[in-house]
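# Okay, predicted coordinates and the sequence, questions at the end:
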Amino acid sequence: MGFTSALRPPLATLPFPPHRSFSTVTVAIPARTPRRDHRRRSPSSQQRLTLMAASISSVGFPVPLTVHSSSPIEDGKASLFTVSPPPNPTLKTPTIRSRLSKLCQEGKPELARHLFDTIPQPTTAMWNTIIIGFICNDMPVEALRFYGEMKKGGFPTTKGDYYTYSSTLKACSQSLNLGAGRAIHCHLIRCLEYPSRIVYNSLLNMYSTCLSQLGSSGGSEFSKYDAVRKVFDTMGKRDVVAWNILVSWYVKTERHVRAVRQFRRMMKMEIKPSPVSFVSVIPAISAMQDFDTANVMYGLLVKLGGEYTTDLFVVSSAIIMYSELGCLDLARKVFDCCLVKNTEVWNSMIGGYVQNNRPREAIDLFLLATQTGQTDNISFLSVLTAVSQLQCLDLAQQLHGFVIKNLGSLPVIIQNAIIVMYSRCSTVHTSFHVFEKMQERDVVSWNTMISAFVQNGFDDEGLSLVYEMQKQKFAIDLVTVTALLSAASNLRNLQIGKQTHAYLLRQDIKFEGMDSYLVDMYAKCGSIRTAEYIFWRNITRSSKDQATWNAMIAGYTHHGLVEEALATFNEMLQQAVSPNAVTLASILPGCTQMGSINLGKQLHAVSIRHLFENNIFLSSALIDMYSKSGSINYAENVFARTGDKNSVTYTTIILGYGQHGMGSKALSLFHSMGDSGVKPDAVTLVAVLSACSHAGLVDEGLRIFNSMEMDFNIEPSVQHYCCVADMLGRVGRVVEAYEFVEQLGEKGDVLQIWGSVLGACRLHGCSELAETVGEKIRQLEEAALHGGVGGYQVLMSNMYAGEGDWRNVDRVRKEMKEKGSMKLVGRSWIDIGGHVTRFASKDQDHHQFDEIYGTLEGLALEMKHSGA
């Protein structure tokens, strides 16, 4: 059966000119006009030629070559005369072909090509040998060029056969050359009346490979995908190979339901599936998350038995299928039933554990694999990721040494994974050391290091590395842009954020999640109105996904616009966008700001109903909300019910204990973290120092502070210094607090640290020392051109007012007025019977203003009389 006219692609020619010089001489002479009776006439003696050719010593052809005339082809085009040698009795055609084949098998296709050029009249089989030789040596472009010479060489005996076309179509697949594939499609339509199944399958594979690659890069419309199905429908009799290609094609184009449907159709037509059939269809089942179909498919495998259950590619695919479905117990059963395992089987099971966030099992299995010698680079990548998930520095260092010992010279991809591992273990300086030692870096290396800096709070270093990356002629890509937006958000640097946004617009770059990154960046950089404009006007309703809604809600909450956050949350529900754990975690701080514990409890109920309660970030937000709302018992219950706790969970409950004056509980929980396998980070240490400060546990707090670098490998930051100064000041050791900050030198010249000392001076009435500290703060303000010290000046003013020093009160107020300093107005909310009322300092707009302030004055008098 031939190809239908509807299937014929547009005529095309191969995009490569012939460059071969032929030893065989072909002479074309215009033919005479044929007589009406179409009787053939022999060429005259004048038309005969006598030619001499050079000796071909390499294959033993004698000289001189004689001229053998061919019969004239009376088709109105030309008569062909070909020079050919007489038969060589010592060297047969099979011998020449075997030499060509041997050279190709030895990886020397160029030498085979040189030998081929000495053959006066090569056969089609010889042409095929060279084409296949180029393909087997991963030289598909040379194979296609050689095929072009064959078609344009003028040999009537080398029109090409089934092997020619199937081989050249494979070369098109290897080189992803769709244009050449279409040209060859045209050739075989003209030259082969009945193409074989081998040619059909090669044509299917060529279109499938080339079109799927074009589709993934955005270079092909989905309508072109039907070319594969058209070729398939044209086939008269289809074998299992054709069905496998069609199923695999649907998987490549993410039409998973159709892939499974075609597999079932093949079974109904009583075509026995091959192991490749299962390898092709299993990814579709994984993508569909169809557990029932997965069990049916594996049951069919077991039923067929034999080569199916022992085929290691099939076993690996089944393990991956169950892993992606989250059924690790079933995946492990498949793994254990495989008696003979190769590296791919081991990697599939290790990767399944990593994918499902079970790093300990992955590491244990990796150790077993090393004992059998079944490890490769993929194995090391998986176990490096597992250690990253554990965030265990000791294990990371051991694994690093093990990798160096076993691999010696580390590939770039392994070194990139090591950078990620150390950054997840909060040792970004070690990551940078690995990065600096790399002799070869790719764009992934740069992006990995930049992201490591940004994710660990070293945003300035990340920005500097972006500049260095550009100097090294590496182009900024989507990963770099994402890191830049995150750095701008963390630094509250609107200028960097705007520059990055402008770059995206100028380059017309769009990527998944870009809108949410932009909304988050503008909101965190203080430009909430720009974030609103992008969210409500620039993004279409259908384009707003969960992440974009979450970013806008979090932005409102961050700016204290709780009502707007709740309104956006309600709008999200009305647009039928389901909330996730991040949504609830974003809106819960608003409940704290409003003082509405009832709303917080409702959101907690929503999290339970949607099975979000075990999300560690949502659990941390719930603990924080209950702690700040005065319900520490609820916070403890949430903490106890949280499964896999991390440093964030511990930090939040320790902060809650500190806010409630439960310093002993905070210390006890802090010391128990090591037994739970959770390593404290820098924020955890801030929390426990703050708890010691609120509870007056100065000695314990100082002991923890002094052991930070030795026990936890964490260098103290501004927040830690502030906690120590506040801790000393609260218990009246104000002079000691002052001396502590003084001995820090330049590291202590920070407004927040001196502000803690100033607060202690006011608390204990140390006016003279307060004057010295206040002068230090003014100097820092002038040096840094800092305008945010209004709060400290108010603190000084209140201290002078408490002592009746009105002259200094007027002086400080005058300075504030001249510099334009101001203190933000305090706001508060109260929840009565489910109705939330908001108040601002000295607010006179409330309809019950007189009653409220009268009650407050009465309470103040009672507190004064009682000595409170």
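That came through fine.

# Low-confidence stretches in the stretch 201-350 of the chain?
The stretch 201-350 of the chain contains residues with pLDDT under 70 at 215-225.

# Against Met421, how distant is the nearest residue to Phe712 once chain neighbours are set aside?
Spatial nearest neighbour of Phe712, chain neighbours left out: Pro680 (5.9 Å); criterion: CB to CB, 6 or more residues apart in numbering. For the C-beta atoms, the positions are set from N, CA and C on the backbone; glycine is no exception. Per CB to CB, to the nearest Å, Pro680 is found 19 Å from Met421.

# Please identify which of these two sits among more neighbours.
A direct count of neighbours by other CB atoms under 10 Å for Pro680 and Met421 places Met421 higher, at 31 against 23.

# Test my guess that Ile378 contacts Asn347.
Yes - the criterion here is CB atoms under 8 Å, and Ile378 meets it with Asn347 at 4.8 Å.

# Who are the contact partners of the residue nearest the centre of the chain?
Centrality entry for the chain: nearest residue to the mean C-alpha point is Val479, 8.3 Å, by CA atoms, centre = their mean. For Val479, the contacting residues are 447, 451, by CB atoms under 8 Å, 6 or more residues apart in numbering.

# just to revisit the earlier point, show me which of Ile378 and Asn347 is the more surrounded one.
More neighbours surround Asn347 than the other of Ile378 and Asn347, with 25 against 16 (other CB under 10 Å).

# could you say what helices and strands whatever helix or strand that one lives in packs with?
Using DSSP states H and E, Asn347 sits within helix 343-355. Packed against helix 343-355 by the contact rule (3 or more CB pairs under 8 Å, 6 or more residues apart in numbering; DSSP states H and E) you find helix 312-324, helix 328-337, helix 359-372, helix 377-390.

# Any chance of the ones you listed in TSV with distance to Val757 as columns?
Compiled in TSV, the helices and strands packed on helix 343-355 are given as follows (distance: least, CB to CB, whole Å):
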stretch	distance to Val757
helix 312-324	56
helix 328-337	55
helix 359-372	44
helix 377-390	40
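
# distance of the nearest residue to His694 once chain neighbours are set aside from Gly759?
In this structure, His694 finds its nearest non-sequential neighbour in Gly658, 4.9 Å apart by CB to CB, 6+ apart. Distance of Gly658 to Gly759, computed by CB to CB: 17 Å.

# likewise Glu106?
Going from Glu106 to Gly759 by CB to CB gives 83 Å.

# the more surrounded of these two?
Taking other CB under 10 Å, Glu106 and Gly759 do not tie; Gly759 has more neighbours (21 against 12).

# Now the element after the helix or strand where the more buried one lies, going C-ward?
Secondary structure assigned from DSSP H and E places Gly759 in helix 751-763. For helix 751-763, the following helix or strand on the C-terminal side (DSSP H and E) is helix 767-784.

# How far off centre is that next one?
48 Å (CA atoms, centre = their mean, to the nearest Å).

# Measure how that helix sits relative to helix 751-763, angle-wise.
Going by axes from the mean of the first three to the mean of the last three CA atoms, to 10 degrees, helix 767-784 is angled at 160 degrees with respect to helix 751-763.

# Could you find the closest non-adjacent residue to Thr500?
Counting by CB to CB, 6+ apart, Leu484 is the residue found nearest to Thr500 once chain neighbours are left out, at 4.5 Å.
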